[in-house]
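*Asks:* Can you look at this prediction? I've put the sequence above it.
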Amino acid sequence: EEPVEEPQPDTQTQAVLSPPTTSPSPDSDFICTHPPYNVHLVSTSPLIIYLTNFLTLSERAHLKDITKDKFHPSAVADGTKSARRTSQSTYLPRDLIQHCIETRALHFQGLSTPRSHLEPLQLVKYSPGEHYDQHTDWFNPSTTPPTYTSASAGGNRLSSFFTYVHVSNDTTGGGTNFPLIDFPRDDTNTGRWCEFLDCDEPWERGVTFRPVEGNAVFWMNLLPDGTGDPRTLHAGLPVTSGDKIGMNIWTRQAPLSEEARGVDDYPDL
Ligand SMILES: O=C(O)CCC(=O)C(=O)O
Ligand SMILES: [Fe+2]
(Lines give C-alpha, C1' and ligand atoms only; values in the text may rest on other atoms or scores of the structure.)
(Ligands and ions follow the chains in the order given, each with its own letter.)
Protein backbone atom coordinates (compact mmCIF):
# COMPACT_ATOMS: atom_id res chain seq x y z
CA GLU A 1 0.00 0.00 0.00
CA GLU A 2 1.34 3.42 -0.97
CA PRO A 3 0.72 5.99 1.75
CA VAL A 4 -1.49 8.74 0.34
CA GLU A 5 0.41 12.01 0.51
CA GLU A 6 -1.45 15.13 1.48
CA PRO A 7 -0.79 18.16 -0.68
CA GLN A 8 2.07 19.93 1.03
CA PRO A 9 2.06 23.62 1.83
CA ASP A 10 5.22 23.75 -0.15
CA THR A 11 5.42 27.35 -1.00
CA GLN A 12 6.70 30.25 -2.80
CA THR A 13 9.60 29.77 -0.51
CA GLN A 14 8.80 26.06 0.04
CA ALA A 15 9.67 26.39 3.67
CA VAL A 16 7.62 23.42 4.81
CA LEU A 17 9.22 20.16 3.79
CA SER A 18 7.68 16.81 3.15
CA PRO A 19 10.12 14.08 4.15
CA PRO A 20 10.53 11.49 1.43
CA THR A 21 9.50 7.94 2.07
CA THR A 22 11.89 5.16 1.12
CA SER A 23 10.85 3.20 -1.94
CA PRO A 24 12.35 -0.17 -2.86
CA SER A 25 15.55 0.00 -4.81
CA PRO A 26 14.78 0.27 -8.55
CA ASP A 27 17.34 -2.40 -9.23
CA SER A 28 19.49 -3.99 -6.56
CA ASP A 29 22.38 -4.22 -9.06
CA PHE A 30 22.25 -0.47 -9.57
CA ILE A 31 25.65 1.20 -9.50
CA CYS A 32 25.76 4.96 -9.22
CA THR A 33 27.80 6.41 -12.06
CA HIS A 34 27.87 10.04 -13.09
CA PRO A 35 27.46 11.20 -16.69
CA PRO A 36 30.27 13.31 -18.19
CA TYR A 37 28.31 16.53 -17.93
CA ASN A 38 29.70 19.81 -19.23
CA VAL A 39 30.08 22.99 -17.22
CA HIS A 40 29.52 26.48 -18.68
CA LEU A 41 30.16 29.57 -16.58
CA VAL A 42 27.35 32.11 -17.09
CA SER A 43 28.08 34.58 -14.29
CA THR A 44 30.70 34.84 -11.56
CA SER A 45 28.71 37.23 -9.36
CA PRO A 46 26.29 35.84 -8.50
CA LEU A 47 27.77 32.47 -9.42
CA ILE A 48 25.60 30.88 -12.13
CA ILE A 49 26.68 27.77 -14.00
CA TYR A 50 24.92 25.97 -16.81
CA LEU A 51 25.33 22.20 -16.92
CA THR A 52 24.60 20.06 -19.96
CA ASN A 53 23.71 16.36 -19.61
CA PHE A 54 23.50 16.55 -15.84
CA LEU A 55 20.69 13.95 -15.76
CA THR A 56 20.92 10.84 -17.91
CA LEU A 57 18.12 9.58 -20.14
CA SER A 58 17.45 6.65 -17.82
CA GLU A 59 17.43 8.86 -14.73
CA ARG A 60 14.90 11.15 -16.40
CA ALA A 61 12.75 8.18 -17.38
CA HIS A 62 12.89 6.85 -13.82
CA LEU A 63 12.00 10.22 -12.27
CA LYS A 64 9.01 10.60 -14.58
CA ASP A 65 7.90 7.05 -13.96
CA ILE A 66 7.93 7.15 -10.16
CA THR A 67 6.16 10.52 -9.95
CA LYS A 68 3.50 9.92 -12.64
CA ASP A 69 0.46 10.09 -10.34
CA LYS A 70 2.03 12.05 -7.52
CA PHE A 71 1.73 15.71 -8.46
CA HIS A 72 -0.31 18.14 -6.34
CA PRO A 73 -0.98 21.83 -6.98
CA SER A 74 2.06 23.82 -5.90
CA ALA A 75 1.25 25.98 -2.91
CA VAL A 76 2.77 28.97 -1.15
CA ALA A 77 4.01 29.43 2.39
CA ASP A 78 0.60 29.69 4.05
CA GLY A 79 -0.51 26.44 2.41
CA THR A 80 -2.83 28.06 -0.11
CA LYS A 81 -2.65 27.76 -3.86
CA SER A 82 -1.26 30.88 -5.44
CA ALA A 83 -1.68 32.53 -8.81
CA ARG A 84 2.05 33.26 -8.49
CA ARG A 85 2.90 29.59 -8.87
CA THR A 86 0.44 27.59 -10.94
CA SER A 87 2.45 24.39 -11.39
CA GLN A 88 2.07 20.96 -9.78
CA SER A 89 4.76 19.63 -7.42
CA THR A 90 5.84 16.47 -5.68
CA TYR A 91 8.75 15.32 -3.54
CA LEU A 92 10.80 12.37 -4.74
CA PRO A 93 10.74 9.18 -2.72
CA ARG A 94 14.16 8.05 -1.61
CA ASP A 95 15.78 5.38 -3.79
CA LEU A 96 19.18 4.56 -5.25
CA ILE A 97 18.75 6.77 -8.30
CA GLN A 98 17.57 9.71 -6.22
CA HIS A 99 20.54 9.08 -3.91
CA CYS A 100 22.93 9.00 -6.88
CA ILE A 101 21.62 12.36 -8.17
CA GLU A 102 22.02 13.80 -4.66
CA THR A 103 25.63 12.57 -4.59
CA ARG A 104 26.32 14.28 -7.95
CA ALA A 105 24.83 17.56 -6.69
CA LEU A 106 26.89 17.37 -3.50
CA HIS A 107 30.18 16.56 -5.25
CA PHE A 108 29.62 19.40 -7.70
CA GLN A 109 29.63 21.75 -4.72
CA GLY A 110 33.08 20.82 -3.52
CA LEU A 111 33.09 17.17 -2.41
CA SER A 112 32.56 17.89 1.27
CA THR A 113 29.02 19.25 1.42
CA PRO A 114 27.15 17.01 3.86
CA ARG A 115 24.12 15.18 2.49
CA SER A 116 22.12 16.36 5.48
CA HIS A 117 22.17 19.88 4.01
CA LEU A 118 20.03 18.76 1.05
CA GLU A 119 16.31 19.31 1.03
CA PRO A 120 14.14 16.51 -0.28
CA LEU A 121 14.31 16.69 -4.09
CA GLN A 122 11.25 18.39 -5.54
CA LEU A 123 9.74 17.92 -9.00
CA VAL A 124 7.62 20.67 -10.55
CA LYS A 125 5.36 20.10 -13.55
CA TYR A 126 3.99 22.84 -15.82
CA SER A 127 1.20 22.41 -18.38
CA PRO A 128 0.32 25.09 -20.94
CA GLY A 129 -0.33 28.45 -19.28
CA GLU A 130 1.40 27.47 -16.03
CA HIS A 131 4.28 29.47 -14.65
CA TYR A 132 6.14 30.60 -11.54
CA ASP A 133 6.36 34.38 -11.06
CA GLN A 134 9.62 36.13 -10.21
CA HIS A 135 10.89 34.99 -6.83
CA THR A 136 14.09 34.13 -5.01
CA ASP A 137 14.74 30.65 -3.67
CA TRP A 138 16.31 32.08 -0.51
CA PHE A 139 13.97 32.77 2.36
CA ASN A 140 13.34 36.39 3.14
CA PRO A 141 13.81 36.76 6.91
CA SER A 142 11.15 39.46 7.06
CA THR A 143 8.47 37.21 5.58
CA THR A 144 9.56 33.70 6.59
CA PRO A 145 8.93 32.38 10.10
CA PRO A 146 12.30 31.99 11.87
CA THR A 147 11.42 28.39 12.70
CA TYR A 148 12.04 27.55 9.01
CA THR A 149 15.37 29.27 8.67
CA SER A 150 17.05 29.06 12.07
CA ALA A 151 20.43 27.33 12.07
CA SER A 152 18.82 24.30 13.72
CA ALA A 153 16.26 24.14 10.88
CA GLY A 154 18.90 24.17 8.12
CA GLY A 155 19.36 27.92 7.79
CA ASN A 156 18.80 29.53 4.41
CA ARG A 157 19.12 28.05 0.90
CA LEU A 158 22.77 28.36 -0.03
CA SER A 159 22.41 27.08 -3.59
CA SER A 160 19.88 25.88 -6.14
CA PHE A 161 19.97 23.49 -9.07
CA PHE A 162 17.02 23.68 -11.42
CA THR A 163 17.24 20.67 -13.70
CA TYR A 164 15.04 19.95 -16.70
CA VAL A 165 13.65 16.45 -16.27
CA HIS A 166 11.11 16.45 -19.07
CA VAL A 167 10.54 18.73 -22.01
CA SER A 168 8.31 17.45 -24.79
CA ASN A 169 9.04 17.95 -28.50
CA ASP A 170 6.17 20.39 -28.74
CA THR A 171 7.12 22.38 -25.62
CA THR A 172 7.31 26.12 -26.22
CA GLY A 173 7.91 28.78 -23.58
CA GLY A 174 8.86 27.57 -20.13
CA GLY A 175 12.30 29.20 -19.99
CA THR A 176 13.91 30.07 -16.68
CA ASN A 177 14.41 33.84 -16.65
CA PHE A 178 16.91 35.77 -14.50
CA PRO A 179 15.95 39.40 -15.20
CA LEU A 180 18.86 40.97 -13.28
CA ILE A 181 21.68 38.93 -14.87
CA ASP A 182 23.60 40.21 -17.88
CA PHE A 183 23.75 38.01 -20.95
CA PRO A 184 27.22 36.35 -20.91
CA ARG A 185 29.82 38.10 -23.04
CA ASP A 186 30.69 36.44 -26.27
CA ASP A 187 33.49 38.45 -27.82
CA THR A 188 34.07 35.70 -30.37
CA ASN A 189 30.45 35.95 -31.56
CA THR A 190 30.15 32.22 -32.00
CA GLY A 191 26.51 32.37 -31.01
CA ARG A 192 27.00 29.16 -29.05
CA TRP A 193 25.09 30.47 -26.06
CA CYS A 194 21.96 30.59 -28.19
CA GLU A 195 21.68 26.81 -27.92
CA PHE A 196 20.98 27.18 -24.19
CA LEU A 197 19.95 30.82 -23.76
CA ASP A 198 17.07 32.49 -25.50
CA CYS A 199 18.79 34.95 -27.86
CA ASP A 200 15.44 36.28 -29.12
CA GLU A 201 14.58 37.85 -25.75
CA PRO A 202 15.28 41.60 -25.52
CA TRP A 203 18.51 42.22 -23.60
CA GLU A 204 16.69 44.17 -20.84
CA ARG A 205 15.08 40.89 -19.85
CA GLY A 206 18.38 39.52 -18.59
CA VAL A 207 19.12 35.85 -19.20
CA THR A 208 16.54 33.23 -20.12
CA PHE A 209 17.60 29.58 -20.07
CA ARG A 210 15.80 27.39 -22.56
CA PRO A 211 14.33 24.27 -21.03
CA VAL A 212 16.53 21.53 -22.50
CA GLU A 213 15.92 18.05 -21.12
CA GLY A 214 18.79 16.70 -19.04
CA ASN A 215 20.44 20.09 -18.56
CA ALA A 216 20.53 22.14 -15.36
CA VAL A 217 21.13 25.63 -14.04
CA PHE A 218 23.11 25.94 -10.80
CA TRP A 219 23.46 29.14 -8.79
CA MET A 220 24.48 30.44 -5.39
CA ASN A 221 21.66 32.20 -3.55
CA LEU A 222 23.50 33.91 -0.72
CA LEU A 223 26.05 36.69 -0.48
CA PRO A 224 29.29 36.04 1.45
CA ASP A 225 27.70 37.49 4.61
CA GLY A 226 24.94 34.88 4.37
CA THR A 227 22.14 37.23 3.34
CA GLY A 228 20.06 36.58 0.24
CA ASP A 229 21.43 37.85 -3.07
CA PRO A 230 18.65 39.89 -4.73
CA ARG A 231 20.28 39.39 -8.14
CA THR A 232 19.20 35.73 -8.08
CA LEU A 233 15.60 36.79 -8.75
CA HIS A 234 14.15 34.41 -11.35
CA ALA A 235 10.94 33.07 -12.84
CA GLY A 236 9.60 29.99 -14.57
CA LEU A 237 8.11 31.60 -17.68
CA PRO A 238 4.71 30.33 -18.83
CA VAL A 239 4.75 27.13 -20.84
CA THR A 240 2.85 27.98 -24.02
CA SER A 241 2.51 24.47 -25.45
CA GLY A 242 3.52 20.96 -24.47
CA ASP A 243 4.73 20.44 -20.93
CA LYS A 244 7.80 20.74 -18.74
CA ILE A 245 8.96 18.97 -15.59
CA GLY A 246 11.82 20.43 -13.59
CA MET A 247 13.56 19.35 -10.41
CA ASN A 248 14.78 21.58 -7.61
CA ILE A 249 17.87 20.51 -5.66
CA TRP A 250 18.30 22.90 -2.78
CA THR A 251 21.29 22.90 -0.44
CA ARG A 252 20.85 24.59 2.93
CA GLN A 253 23.52 26.28 5.05
CA ALA A 254 23.17 23.73 7.85
CA PRO A 255 21.86 20.20 8.33
CA LEU A 256 18.14 19.53 8.17
CA SER A 257 16.55 17.35 10.80
CA GLU A 258 15.77 13.74 9.98
CA GLU A 259 12.15 14.77 10.38
CA ALA A 260 12.52 17.17 7.45
CA ARG A 261 14.77 14.98 5.31
CA GLY A 262 13.30 11.58 6.00
CA VAL A 263 15.29 8.55 7.07
CA ASP A 264 18.30 7.89 4.85
CA ASP A 265 19.77 4.43 5.18
CA TYR A 266 21.87 4.41 2.04
CA PRO A 267 25.63 4.26 2.44
CA ASP A 268 27.27 7.52 1.48
CA LEU A 269 29.31 6.19 -1.40
O1 LIG B 1 10.34 26.56 -13.77
C2 LIG B 1 11.41 27.16 -13.76
O3 LIG B 1 12.04 27.37 -14.80
C4 LIG B 1 11.95 27.67 -12.47
C5 LIG B 1 11.25 27.10 -11.25
C6 LIG B 1 11.72 27.67 -9.97
O7 LIG B 1 12.39 28.66 -9.94
C8 LIG B 1 11.40 27.02 -8.67
O9 LIG B 1 10.69 26.00 -8.65
O10 LIG B 1 11.86 27.53 -7.63
FE1 LIG C 1 13.07 29.17 -8.01
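*Replies:* All right, it came through fine. Ligands and ions are numbered 1, 2, ... in the order given.
*Asks:* Okay, and Thr240 sits in which element?
*Replies:* Element membership for Thr240, per DSSP states H and E: strand 239-241.
*Asks:* Note down every partner strand of that strand and its orientation.
*Replies:* strand 172-173 (antiparallel) (DSSP bridges).
*Asks:* Beyond the partner strand, next helix or strand please.
*Replies:* strand 176-178.
*Asks:* Check which helices and strands that next one is in contact with.
*Replies:* strand 207-209, strand 234-236 (3 or more C-beta pairs under 8 Å, 6 or more residues apart in numbering; DSSP states H and E). No exception for glycine: its C-beta is placed from N, CA and C like everyone else's.
*Asks:* mind giving me a markdown table with the ones you listed and columns for distance to ligand 1, mean neighbour count and mean pLDDT?
*Replies:* A markdown table is the format used below for those (distance: least, C-beta to the nearest ligand atom, whole Å; neighbours: other C-beta atoms under 10 Å; pLDDT from 0 to 100):
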| stretch | distance to ligand 1 | mean neighbour count | mean pLDDT |
| --- | --- | --- | --- |
| strand 207-209 | 7 | 24 | 98 |
| strand 234-236 | 2 | 24 | 97 |
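*Asks:* Make TSV from those strands and add distance to Glu102 to it.
*Replies:* Below are the helices and strands packed on strand 176-178 laid out as TSV (distance: least, C-beta to C-beta, whole Å):
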stretch	distance to Glu102
strand 207-209	22
strand 234-236	22
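*Asks:* So for Gly246, which of those strands sits nearest?
*Replies:* Closest to Gly246 of those, according to C-beta to C-beta: strand 234-236, at 7.3 Å.
*Asks:* Kindly report the residues of the stretch 101-250 of the chain close to ligand 1.
*Replies:* The stretch 101-250 of the chain comes close to ligand 1 at residues Val124, Tyr132, Asp137, Phe162, Thr176, His234, Gly236, Gly246, Asn248, as judged by C-beta under 6 Å from any ligand atom.
*Asks:* Kindly indicate which of these lies nearest ligand 1.
*Replies:* Using C-beta to the nearest ligand atom, Gly236 comes nearest to ligand 1 of those, at 2.5 Å.
*Asks:* Not counting its neighbours along the chain, what's nearest the closest one?
*Replies:* In this structure, Gly236 finds its nearest non-sequential neighbour in Tyr132, 3.7 Å apart by C-beta to C-beta, 6 or more residues apart in numbering.
*Asks:* Can you pull the phi and psi angles for that neighbour?
*Replies:* phi -130, psi 110 (degrees, to the nearest 10).
*Asks:* Report the contact partners of it.
*Replies:* Contacts for Tyr132 (C-beta atoms under 8 Å, 6 or more residues apart in numbering) come out as Ser74, Arg84, Arg85, Thr86, Ser87, Val124, Tyr126, Ala235, Gly236.
*Asks:* State the distance from the closest residue to Thr103 other than its chain neighbours to ligand 1.
*Replies:* Counting by C-beta to C-beta, 6+ apart, Thr103 lies nearest to Cys32, which is 6.2 Å off, once chain neighbours are set aside. Distance of Cys32 to ligand 1, given as C-beta to the nearest ligand atom, to the nearest Å: 25 Å.
*Asks:* Kindly report the same for Glu102.
*Replies:* 17 Å.
*Asks:* my read: that residue touches Ile249, true?
*Replies:* Yes: using C-beta atoms under 8 Å, Glu102 makes contact with Ile249 at a distance of 7.5 Å.
*Asks:* Closest one to Gly155 out of the residues of the stretch 101-250 of the chain next to ligand 1, please.
*Replies:* Looking across these and measuring by C-beta to C-beta, the closest to Gly155 is Asp137, at 13.2 Å.
*Asks:* Contact partners for that closest one?
*Replies:* Taking C-beta under 8 Å, 6+ apart, we find Asp137 in contact with Thr13, Arg157, Ser160, Asn221, Thr232, His234, Asn248, Trp250.
*Asks:* Let me know the pLDDT of the last one.
*Replies:* Listed pLDDT for Trp250 reads 97.
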